[in-house]
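[1] Here is a sequence together with a model predicted from it:
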Amino acid sequence: MIQGEFEQLELPLEYPRKNFWSKRDIEYLFLEVTEERHRQLSKWGIQRHPLGLAAIYSALADLQKRKNDELVEAGKLNWGAILLEEVYEALGAFTVEEAREELVQVAAVIFAILEDLDGAVGA
């Protein structure tokens, strides 16, 4: 932790792995992500970087959306394709506000992927 600024968070040794999710299960994911952020802050400190927004990402988002439509038609949609579409949309945003809104969607997709992985582990 960074010089005592963050208290140590503790996850239970085992947490529920199942095919349905409750608010409590999602809170465990938040704890895991929070612990990882604390590790990153301890290692790197607070970081400031440009977002790297660019029109090319908007074009890639459009291509990925079409690809995802094809994957849906074929019954082969996958998390990687969904995540790429969301990331491209975020980086292809025209404003910081729009990028932030899209990045929240990226985070939500990542949480959905983790929920799916945890459900698969316990299935």
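    Perfect, thanks for sending it.
[2] Tell me how many other residues crowd the residue nearest to residue 112 when sequence neighbours are not counted.
    Distances taken as C-beta to C-beta, 6 or more residues apart in numbering place residue 79 nearest to residue 112, at 7.8 Å, with adjacent residues excluded. The way it works is simple: take the backbone N, C-alpha and C, and place the C-beta from them, glycine included. Applying other C-beta atoms under 10 Å, we find 14 residues neighbouring residue 79.
[3] what do you get for residue 51?
    There are 12 residues near residue 51, going by other C-beta under 10 Å.
[4] just checking, it touches residue 91?
    Yes - the pair residue 51 / residue 91 is scored as a contact, 7.4 Å apart, by C-beta atoms under 8 Å.
[5] what sits in contact with each of these two?
    Shared contacts of residue 51 and residue 91, defined by C-beta atoms under 8 Å, 6 or more residues apart in numbering, comprise residue 99.
[6] Name the spans of this structure whose pLDDT lies under the cut-off.
    1-21, 120-123 (pLDDT under 70).
[7] For it, which segments are assigned as helices?
    For the chain, the helices defined by DSSP state H cover 23-44, 55-74, 79-91, 96-122.
[8] Tell me which other helices or strands the third one touches.
    Helix 79-91 sits against helix 55-74, helix 96-122, with contacts defined as 3 or more C-beta pairs under 8 Å, 6 or more residues apart in numbering; DSSP states H and E.
[9] returning to what we had before: ok, now which ones touch the residue nearest to residue 112?
    By C-beta under 8 Å, 6+ apart, the contact list for residue 79 reads 109, 112, 113, 116.
[10] I'd like those residues laid out as a markdown table, including distance to residue 39 and neighbour count.
    Output for these, formatted as a markdown table (distance: C-beta to C-beta, whole Å; neighbours: other C-beta atoms under 10 Å):
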| residue | distance to residue 39 | neighbour count |
| --- | --- | --- |
| 109 | 22 | 17 |
| 112 | 23 | 14 |
| 113 | 20 | 15 |
| 116 | 24 | 13 |
